[in-house]
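# sequence and computational prediction follow.
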Amino acid sequence: KDAKGTLRRLLKYLEKKIGKLILVFVMTLVSSIFSLIGPYLIGKAIDTMKDGINRVDFNRLFSIVLIMITFYGLSAFMSWLQTFIMVDVAQNTVKELRKNLFAKLQTLSVSFFDTKTHGDIMSRLTNDVQTVSNTLMQSAVSIFSSLITVIGALVMMLVLSPLLTFISLITIPLGMSITWKIAGKTRKLFVTQQKELGELNGYIEEMISGQRVVKAFSREKKTIEEFGDINNRLRDVGIKAQIYSGIVPPLMNVINRLSFALVAGAGGWLVIKGTITIGVIASFINYSKHFARPINQIANQFNMIQAALAGAERVFEIMDEVPEIIDEPDSIILDDIKGQVIFDDVYFEYKKDVPVLKNINLEA
C-alpha cells in the first residue's frame, strides 16, 4: 500500500513531461519491434541452405543479411535517442523534486530541526533524491522495453510453435512466485538501509561541526565507538538488502536455463520427426532468449526500484510534515512595526510537556 502511494506521487512529477515520455515509449516500442525481427530473419537465413552447404541460395541470403543490418541499426539508433531524452526528463524531474523538498524545509518549525540531525536531512536531499534519479534514468525505459520484448517474443514463439511455447512457459510461474515473495522483504531492508545511512551522515556532520567540544571533553574514544555502532548497523542491513535482492537474478538464470534445455530437447525431437525445420528451431531458441532476457533485466532492476521507493518515502515523509505555525489566509503583513514587546508568563516547548522556557516575564 505504501509503495503504491509513493509510486503515484512520483508519477505526478512526470505529468508535465508526458509529451517527452510518450515519445520515449514510442521509440522504445519501435526499437523493440525492430530487434524482434532479427531472430525470425536468422531462421530464414539458415533455411537458405538446401541439403548442406553446397546448395545455398546466396541471393536470398544476401537480401536477408541487408535487412537484418538495417533493422538492427535502426534499433540501436532508437535506443540511443530514447536514452538521451529520458536523461533530460529524469534530471528535470529530480530537479523539481529537490527544489520542492528544499522549499518545504524552509516552512518547517524549529522543533522539526531539533528532532532531526542535519546530516539525515542532507542525506534525504542528496542520497535519497539521487537514488530516485538513477532509477528514473535507468529503470523506467528498461522495464517498458523489457515488457514489449517479452510480449513480442511470446507472440512470435506462438507463431513458430505453440507446443514449444507451452514447454518453455512451464518454468515461468516458479520464477514469478520466487520474485514476488522476495519483493516484500527486500523493500523493508532498503527502507532500513536508507534510514541507517541518514543516521550515519547525521552523526558525521554533528561530530565534525562539534569537534572542539569532542576535544574539550575528551570524547574521542566514545565518539569512535558510537560511529562504529552506526556503521556496523548500516553494513549489516546493507548486506542483507543486497543478498536478498541479489538472489533474484541467479535464480531466474537457473530457471531460464532449465527452460532452454527443455526447448532444445523437444525441438530436436520435432526436427527428427520432420515436423519443423532447423531454421524454425534456431529462430525459436533466439526468441526464447529474447523472452527470458527481459525477465532477467526486470529482476536486475528490482534492486534499484526497491531502493528508489525507499528513498522516495523518506523524501515524501518530509513533504508531509505540517508546520506548527501556519499563516491564516487573511493574515496581515506588518511592514512598519513600532512599539514595545512584552513577554508575560511565557511558556515554550519543542516537545510536548518538556518546557524549554517557563514563566518568563520580559519587556523590551
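Looks like it came in fine.
# which residue ranges form the helices in the stretch 151-300 of the chain?
Listed in chain order, the helices of the stretch 151-300 of the chain (DSSP state H, counting those that start in this stretch) span 162-168, 172-209, 211-216, 220-273, 278-319.
# among the ones you listed, which comes closest to Ile33?
Counting by CB to CB, Ile33 lies closest to helix 278-319 out of the helices of the stretch 151-300 of the chain; the figure is 11.6 Å. The C-beta positions use only the backbone N, C-alpha and C, and glycine is treated the same way.
# isn't Ala90 up against Gln130?
No: counting by CB atoms under 8 Å, Ala90 stays clear of Gln130, with 11.0 Å between them.
# and those two? Which one has more around it.
Taking neighbours as other CB atoms under 10 Å, Ala90 and Gln130 compare with Ala90 leading, 21 against 14.
# any idea which helix or strand carries the more buried one?
Assigned by DSSP states H and E, Ala90 belongs to helix 58-107.
# what about the helix or strand following that helix, average pLDDT?
Toward the C-terminus, helix 58-107 is succeeded by helix 110-115 as the next helix or strand (DSSP H and E). The average pLDDT within helix 110-115 is 76.
# so where is the stretch 1-150 of the chain shaky, pLDDT-wise?
Where the stretch 1-150 of the chain drops to pLDDT under 70, the residues are 1-3, 50-54.
# pLDDT wise, what is the residue nearest the centre of the chain at?
For the chain, the residue nearest the mean C-alpha position is Ile305 (2.7 Å; CA atoms, centre = their mean). Listed pLDDT for Ile305 reads 76.
# for it, give its distance to Ala45.
Per CB to CB, to the nearest Å, Ile305 is found 38 Å from Ala45.
# which stretch among the helices of the stretch 151-300 of the chain comes nearest Thr117?
Closest to Thr117 of those, according to CB to CB: helix 172-209, at 2.7 Å.
# what is that closest one packed up against?
Packing partners of helix 172-209 (3 or more CB pairs under 8 Å, 6 or more residues apart in numbering; DSSP states H and E): helix 118-123, helix 220-273, helix 278-319.
# now render those as CSV, adding distance to Ser145.
Output for the helices and strands packed on helix 172-209, formatted as CSV (distance: least, CB to CB, whole Å):
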stretch, distance to Ser145
helix 118-123, 32
helix 220-273, 17
helix 278-319, 7
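# circling back to that earlier point, tell me which of the helices of the stretch 151-300 of the chain is the most buried.
The highest average neighbour count among the helices of the stretch 151-300 of the chain, using mean count of other CB atoms under 10 Å, belongs to helix 278-319 at a mean of 21.
# direction included, what does the helix or strand following that helix pair against?
Following helix 278-319 in sequence order, the next helix or strand is strand 342-351 (DSSP H and E). Here strand 342-351 is paired, per DSSP bridges, with strand 354-363 (antiparallel).
# now do the partner strand: distance to the chain's middle.
49 Å (CA atoms, centre = their mean, to the nearest Å).
# next: stretch 308-325.
Centroid separation for stretch 308-325 versus its chain: 18 Å, with CA atoms, centre = their mean.
# am I right that Glu349 is in contact with Val110?
No: applying CB under 8 Å as the test, Glu349 and Val110 come out as separate, 11.1 Å apart.
# on that earlier part again, out of the helices and strands packed on helix 172-209, nearest to Asn134?
Nearest to Asn134 among the helices and strands packed on helix 172-209 is helix 278-319; the distance by CB to CB comes to 6.4 Å.
# tell me what the closest one is packed against?
helix 2-12, helix 18-46, helix 58-107, helix 129-160, helix 162-168, helix 172-209, helix 220-273.
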